[in-house]
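Engineer: what's the 3D shape of this:
(4 chains)
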Protein chains: 2
Amino acid sequence: MTTRRPTSFDIAALAGVSQPTVSRALSGNASVSEETRQRVLDAARQLHYTVDKNASGLRTRQSRTIALLFFEDPTPDDTLINPFYLSMLGAITRACAVNRYDLLISFQQLSGDWHVDYEDSRKADGILLLGYGDYLTARPRLEQLVKQETHFVRWGASRDGQVGTTVGSDNEQGGYLAARHLIERGRKAIAFLGAIGAGAPEFVERWNGFERALAEAGIGRDERLRIDAGPTEESGRAAAELLLGQGVPFDAMFATSDLTAIGAMRALHDAGKHVPGDVAIVGFDDIAAARLAEPPLTTVAQDPRRAGEALVETLIARIEERDAGSVSLPVKLIVRGSS
Amino acid sequence: MTTRRPTSFDIAALAGVSQPTVSRALSGNASVSEETRQRVLDAARQLHYTVDKNASGLRTRQSRTIALLFFEDPTPDDTLINPFYLSMLGAITRACAVNRYDLLISFQQLSGDWHVDYEDSRKADGILLLGYGDYLTARPRLEQLVKQETHFVRWGASRDGQVGTTVGSDNEQGGYLAARHLIERGRKAIAFLGAIGAGAPEFVERWNGFERALAEAGIGRDERLRIDAGPTEESGRAAAELLLGQGVPFDAMFATSDLTAIGAMRALHDAGKHVPGDVAIVGFDDIAAARLAEPPLTTVAQDPRRAGEALVETLIARIEERDAGSVSLPVKLIVRGSS
DNA sequence: GGGCGCTATACATACGTATTCACCTGCTCT
DNA sequence: AGAGCAGGTGAATACGTATGTATAGCGCCC
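Structural biologist: Model (predicted):
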């Protein structure tokens, strides 16, 4: 026998009150006498009652759910996803739990058609956008989200001139710290490994900070030491090989992602170069693998936990129509053996 | 002006039909003349109409959503999550998308109180359970899920004598393949690094296969070569150090997780041991890092994509009340430089 | 030519909750 | 003592959809 799930009417009957009273007693933000409330709570417990989220959502027009769109463009398939994002995912789920929101997750191609009707269809109250990719091509879609009055917050660069609210690390400062550290270590010919296209604003900002430090130190830069590289080990390895192959001497490199740095270190190692003797390296992110690398990687740390919390809290503020501007999170240089 | 979102009545008015006809035209599984259907579809497109999932779910009593409970007991906080599970997460999201299900995700402590009222509250039609942990202590909770007639599928061992339907790799065969491979390489003193407690059935099965291979080859085993180790680098490193410290000679090790193997390799390296010269190593999972390790790690590959698909498809079968038994997925030995 | 079966549509209703409104009780204030 | 007020409760209703039932039109056959 498939027992029908209890409704608030069943609770009402058992507690000897009316259905509205049950609703009020459970939601807590209305006046119900303490005695009645207890009777209702007891009845609810007894029948294993839980609120039907569909009915509740239909009535209140909200789902207390956040949708996370995770873009995985550069690594379309079963590739390794950046551990930094994974940590952030964990932080986001925890922040959601703390705020009593559920999290709907969906992996998408930034370049493809987005499946973002979550808020349209009332499955979610707001949307988080996360992941690498060329947000310039995505601009029309972001603008459409704004037009639809969809609540969304994007992980990205703080000053990327894009549409909507953003939470991101202080990438410019990160790039600056990395370069200044290498300069202080006496390096002059510092290569930059990162995405260069204008579509990846985080990396552009890291580049800007990097360049500022060089300019401050009066070091001219050689365009040939600026190599295009994505946030993967394979990409880092390829970039380093390219760098080695072109014969332009260099004694340091700043990679805009730890995975890039680790891949580059591997290529250097294979080429017989010593780290940090021949080439000092600084990465970005401070993923767990950075500490475990050989030698341990100096890197600019982002705090994934703070990042996740900030994303969720900013989005919730927007959902609740409270003011919430973009957030820029501090970064920290962690010096280890690679520099 | 906040424009009210359109309802099926608006579409009906625009298309000159009744609301039920709109519903039927959109759902597709009822008789509507082709001409009418086109008019309805046009009207829906014109008004940017999407079905309200709350109302729809209230009526149909289903959400077309799957909840994923991810347990992270051994690594409670911001630790590195096993990349194998991450790949699986990706596969699960894709499988959900293919089947037009949404995915609700939640990280939980296996040992804590589960927050599993998703199905109770009609936010999800079924639940996937994933992650390491001691499922013995979780048994009462699993039994309660069964009692509540909750649809759930668990990632785990195929023959662990636990409650409910399971999808898992053929762990016994994996352990067997690993051990036989090491034996064929001429190794005799093979250490086993893995979780030993009865609560981690996957690892117990790997042990069983391991032992079977040793028995077949007539190799007696030394209990001191069986070391407790969890699926993390730190744990692998600690286990290897323990092994080295106790002075019992060994010339190979089978680690029941690649992360364990990589941590152990690091400890061996620090102790001046050569891999595979002094000690041959086989891992389990075939995460990306295995291929990139130094030397590249021989390992027993699980297929995370197949695993994710199988989990989702099995769960959907159960949701739709179709028969679906537990699934055991094949594993494959990948020989690389570490053995 | 009347009844039958089939298709296409409309009417009416139910899903379970949250909220508005009205009411009642008991109390304070003048 | 009467008016006013606040807290506590119930009756009625609306949210937007899917579906059971009824009806109209139409061709077909005996």
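Engineer: Residue A:328 contacts residue A:169, correct?
Structural biologist: Yes. Here residue A:328 reaches residue A:169: they are 7.3 Å apart, a contact under CB atoms under 8 Å. All C-beta atoms are positioned from the backbone trio N, CA, C, and that covers glycine.
Engineer: So for those two, which sits in the more crowded spot?
Structural biologist: More crowded of residue A:328 and residue A:169, by other CB atoms under 10 Å in any protein chain shown: residue A:169, with 29 against 18.
Engineer: which ones are touching whichever residue of the stretch 201-339 of chain A sits closest to DNA strand D?
Structural biologist: Residue nearest to DNA strand D within the stretch 201-339 of chain A: residue A:319 (18.0 Å; CB to the nearest atom of the strand). Going by CB atoms under 8 Å, 6 or more residues apart in numbering or on different chains, residue A:319 touches A:125, A:126, A:151.
Engineer: what separates it from residue B:106, distance-wise?
Structural biologist: Distance, residue A:319 to residue B:106, using CB to CB, to the nearest Å: 19 Å.
Engineer: Then residue A:104?
Structural biologist: For residue A:104, the distance to residue B:106 - CB to CB - is 11 Å.
Engineer: got a list of contacts for the helix or strand hosting residue A:262?
Structural biologist: Following DSSP states H and E, one finds residue A:262 within helix A:258-270. Residues outside helix A:258-270 that contact it (CB under 8 Å, 6+ apart): A:80, A:82-84, A:193-194, A:229-241, A:244, A:253, A:255, A:274-275, A:278-279, A:281-287, A:289-290, A:293, A:297, A:299, A:338, B:292.
Engineer: what secondary structure does the closest residue to residue A:181 other than its chain neighbours sit in?
Structural biologist: Leaving out its chain neighbours, the residue that sits closest to residue A:181 by CB to CB, 6 or more residues apart in numbering or on different chains is residue A:333, at 5.8 Å. Three-state call for residue A:333 (DSSP: H, G, I helix; E, B strand; the rest coil): strand.
Engineer: looking at it, residue A:333 is touching residue A:177, isn't it?
Structural biologist: Yes. In terms of CB under 8 Å, residue A:333 counts as a neighbour of residue A:177; the distance is 4.5 Å.
Engineer: Around residue A:204, how many other residues sit close by?
Structural biologist: Residue A:204, neighbours per other CB under 10 Å, totals 21.
Engineer: er, residue A:20 actually
Structural biologist: 12.
Engineer: Helix, strand or coil: sort out it for me.
Structural biologist: What three-state DSSP gives for residue A:20 is helix.
Engineer: what about it, distance to residue A:5?
Structural biologist: 20 Å.
Engineer: and what of residue A:112?
Structural biologist: 39 Å.
Engineer: got it, and residue A:335?
Structural biologist: Applying CB to CB to residue A:335 and residue A:5 gives a distance of 58 Å.
Engineer: These two: which is more packed in?
Structural biologist: residue A:5 (17 against 12).
Engineer: Contacts only, for whichever residue of the stretch 151-300 of chain A sits closest to DNA strand D.
Structural biologist: Here the residue of the stretch 151-300 of chain A nearest DNA strand D is residue A:151; by CB to the nearest atom of the strand that distance is 17.8 Å. Taking CB under 8 Å, 6+ apart, we find residue A:151 in contact with A:119, A:125, A:126, A:127, A:315, A:318, A:319.
Engineer: Among those residues, find the lowest-pLDDT one for me.
Structural biologist: Among those, residue A:119 carries the lowest pLDDT, at 78.
Engineer: I'd guessed that one sits against residue A:104; true?
Structural biologist: No. Look at residue A:119 against residue A:104 with CB under 8 Å: they stay out of range, at 10.5 Å.
Engineer: Overlap in contacts, the two.
Structural biologist: Common neighbours of residue A:119 and residue A:104 (criterion: CB under 8 Å, 6+ apart): residue A:67.
Engineer: Would you state the strands of chain A in chain order?
Structural biologist: Secondary structure of chain A (DSSP state E): strands at A:65-72, A:102-108, A:126-132, A:152-155, A:165-169, A:190-194, A:226-228, A:252-255, A:280-285, A:298-301, A:327-329, A:332-334.
Engineer: quick check, the longest one touching DNA strand C?
Structural biologist: No. If you take CB under 7 Å from any atom of the strand as the test, strand A:65-72 misses DNA strand C, and the best it gets is 14.5 Å.
Engineer: Then stretch A:116-126?
Structural biologist: No. Counting by CB under 7 Å from any atom of the strand, no contacts exist between stretch A:116-126 and DNA strand C, the nearest distance being 12.6 Å.
Engineer: Report the buried residues of the helix holding residue A:262.
Structural biologist: Buried residues in helix A:258-270, counting neighbours by 16 or more other CB atoms under 10 Å in any protein chain shown, are found at A:258, A:259, A:260, A:261, A:262, A:263, A:264, A:265, A:266, A:267, A:268.
Engineer: now it against strand A:280-285, angle please.
Structural biologist: 150 degrees (axes from the mean of the first three to the mean of the last three CA atoms, to 10 degrees).
Engineer: pLDDT on helix A:258-270, on average?
Structural biologist: For helix A:258-270, mean pLDDT rounds to 93.
Engineer: again with stretch A:62-80
Structural biologist: Per-residue pLDDT over stretch A:62-80 has a mean of 72.
Engineer: same question, stretch A:15-35
Structural biologist: Averaged across stretch A:15-35, the pLDDT comes to 88.
Engineer: how about that stretch, does it reach chain B?
Structural biologist: No. Judged by CB under 8 Å from any CB of the partner chain, stretch A:15-35 and chain B are separated, with a smallest distance of 12.3 Å.
Engineer: in that stretch, what's buried?
Structural biologist: Neighbour-count burial for stretch A:15-35, with 16+ other CB under 10 Å as criterion, is recorded at A:15, A:17, A:21, A:22, A:23, A:24, A:25, A:26, A:32.
Engineer: gap between that stretch and the chain center?
Structural biologist: Distance, stretch centre to chain centre, for stretch A:15-35: 41 Å (CA atoms, centre = their mean, to the nearest Å).
Engineer: for stretch A:211-231, same thing?
Structural biologist: 26 Å.
Engineer: Report the inter-axis angle for the helix holding residue A:262 versus strand A:190-194.
Structural biologist: Using the same axes, to 10 degrees: helix A:258-270 against strand A:190-194 is 130 degrees.
Engineer: What sits closest to the residue of the stretch 151-300 of chain A found nearest DNA strand C if chain neighbours are left out?
Structural biologist: Distance from DNA strand C to each residue of the stretch 151-300 of chain A (CB to the nearest atom of the strand) is smallest for residue A:151, at 18.5 Å. Leaving out its chain neighbours, the residue that sits closest to residue A:151 by CB to CB, 6+ apart is residue A:126, at 3.7 Å.
Engineer: Can you give me the neighbour number for the one you found?
Structural biologist: 24.
Engineer: cool, residue A:103 as well?
Structural biologist: By other CB under 10 Å, 24 other residues sit near residue A:103.
Engineer: show me the contacts for the residue nearest to it when sequence neighbours are not counted.
Structural biologist: In space, and not counting its chain neighbours, residue A:103 is closest to residue A:96: 4.6 Å by CB to CB, 6+ apart. Contact partners of residue A:96, counting by CB under 8 Å, 6+ apart, are A:66, A:102, A:103, A:312.
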